[in-house]
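S.K.: task: produce atomic coordinates for the following.
(one chain, ligands or ions: 4)
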Amino acid sequence: AKGSGRNGYALFDTSLRDRVRDRVRLEQALRGALDRGELAVYYQPIVDLESDELDGFEALMRWQSPELGFVSPMDFIPIAEETGLIVEVGAWLLRDAVRELVRWTERRPDGARRLHVSVNVSVRQLRGGALVRTVRDTLAETGLPPEALWLEITESGVMEDVDTALQTLNELRDLGVTLCVDDFGTGYSSLSYLHRLPVGIVKIDRSFVAGVGEDDSTNEPIVRAVLAMTHAMGQRVVAEGVETAVQRDWLRAQDCDLVQGWFYGKPEPPARLEDWLRRDTA
Ligand code: C2E
Ligand code: CA
Ligand code: CA
Ligand code: CA
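M.R.: Ligands and ions are numbered 1, 2, ... in the order given. Presented below is the predicted three-dimensional model:
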């Protein structure tokens with residue numbers, strides 16, 4: 001018993017020390033990642049369910065570190081947020097994504113429908129004053145129609161500081177960009193604040209999209225309720241994490257507006273999106 005106790009202690013101690021060291025290494029490596037060109041933007045298609053046509057792409061950050069290898073955004077985005085690095089990195093991504101969208105649009109034959117690009121914005125960016133300026137400058141510099149830029153904000157991010165968030169969101173709305181609530185359903189008080197936000201799009205989290213269309217799905221009533229509520233408020237809905245035709249068919253039958261997920265495509269670097277851009281204009 002004595003031995004295992006000591007072992008238990010030693011194990012805990014080592015893993016804690018490891019975790020602290022990993023975290024410090026990650027943070028240090030992340031500090032220079034942007035300047036060293038280690039960050040990239042991948043794009044995942046968002047498809048209109050009614051027309052089955054490409055509507056746009058979500059921009060997702062990727063980090064390939066020479067020392068640490070591929071690091072998941074689930075691991076480095078929280079650190080970027082805590083350290084404030086997300087402000088600089090987020091501004092870089094927003095500019096990069098908008099420029100990419102403008103390049104794609106210029107290459108499309110005339111008459112082609114407009115595409116959008118959807119960019120994730122963290123609560124840190126909402127709080128600082130720089131986001132509105134970055135968005136305004138980027139729109140002015142590129143000439144992108146504002147509504148073609150979507151900004152995704154998580155529920156929990158907004159709830160952390162409703163008043164500041166609301167002020168920034170209203171300024172962004174005044175610029176004409178499209179605001180989205182991301183991961184809808186995973187935070188708190190969804191119903192009580194949704195109608196107060198100047199939001200045009202609601203993205204249902206993939207945990208609620210899992211299993212819809214299957215016999216024993218307990219998610220279906222939830223997705224139906226979200227669709228009824230958001231549609232009543234004039235908002236459009238993106239279902240995230242669509243991985244099967246069964247899910248797609250069910251969502252279409254419920255009048256869900258847009259879908260995103262592996263069934264349509266995984267996030268990919270811009271060079272690999274040519275297929276999507278061609279398919280849509282064919
Ligand atoms: P998110 O904003 O909810 O992004 C959707 C995540 O779901 C992405 O993970 C995407 O690759 C994944 N996904 C898409 N379709 C499917 C599917 O059919 N099945 C499954 N299982 N997963 C799917 P990713 O790229 O690893 O990003 C994770 C999270 O990191 C994002 O979740 C977002 O919260 C954050 N993130 C990524 N890029 C950025 C960024 O530029 N800024 C900020 N602030 N956060 C970002
Ligand atoms: Ca998102
Ligand atoms: Ca999401
Ligand atoms: Ca998510």
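S.K.: which residues of the stretch 1-150 of the chain fall in strands?
M.R.: Assigned by DSSP state E, counting those that start in this stretch, the strands in the stretch 1-150 of the chain fall at 39-48, 53-65, 69-71, 116-120, 149-154.
S.K.: measure S15 to ligand 3 for me?
M.R.: As judged by CB to the ion, to the nearest Å, S15 and ligand 3 stand 30 Å apart. Yep, even glycine has a C-beta here, placed from its N, CA and C like the rest.
S.K.: neighbours of that residue, how many?
M.R.: 10 (other CB atoms under 10 Å).
S.K.: what's near enough to touch the residue nearest the centre of the chain?
M.R.: Taking CA atoms, centre = their mean, the centroid of the chain lies closest to N120, which sits 4.3 Å from it. Residues in contact with N120, defined by CB atoms under 8 Å, 6 or more residues apart in numbering, are E58, A59, L60, M61, E152, D182.
S.K.: tabulate those residues in TSV, adding columns for neighbour count, distance to ligand 2 and pLDDT.
M.R.: Converted to TSV, the contacts of N120 look like this (neighbours: other CB atoms under 10 Å; distance: CB to the ion, whole Å; pLDDT from 0 to 100):
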residue	neighbour count	distance to ligand 2	pLDDT
E58	24	6	98
A59	24	9	98
L60	19	8	98
M61	22	11	98
E152	21	4	97
D182	25	4	93
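S.K.: now, which of those residues lie close to ligand 3?
M.R.: Restricting the contacts of N120 to those touching ligand 3 (CB under 5 Å from the ion) yields D182.
S.K.: among the contacts of N120, which ones lie close to ligand 1?
M.R.: Taking CB under 6 Å from any ligand atom as the test, ligand 1 is in contact with L60, M61, D182 out of those.
S.K.: most widely separated two among the contacts of N120?
M.R.: Using CB to CB, the contacts of N120 reach their maximum pairwise distance at M61 and D182, which is 14.0 Å.
S.K.: share the number of residues neighbouring the closest residue in space to E67 that isn't next to it in sequence, please.
M.R.: Closest residue to E67 apart from its sequence neighbours, by CB to CB, 6 or more residues apart in numbering: A29 at 6.0 Å. When neighbours are defined as other CB under 10 Å, A29 has 19 of them.
S.K.: isn't A29 up against L68?
M.R.: Yes. Contact criterion CB atoms under 8 Å: A29 and L68 qualify, at 5.8 Å.
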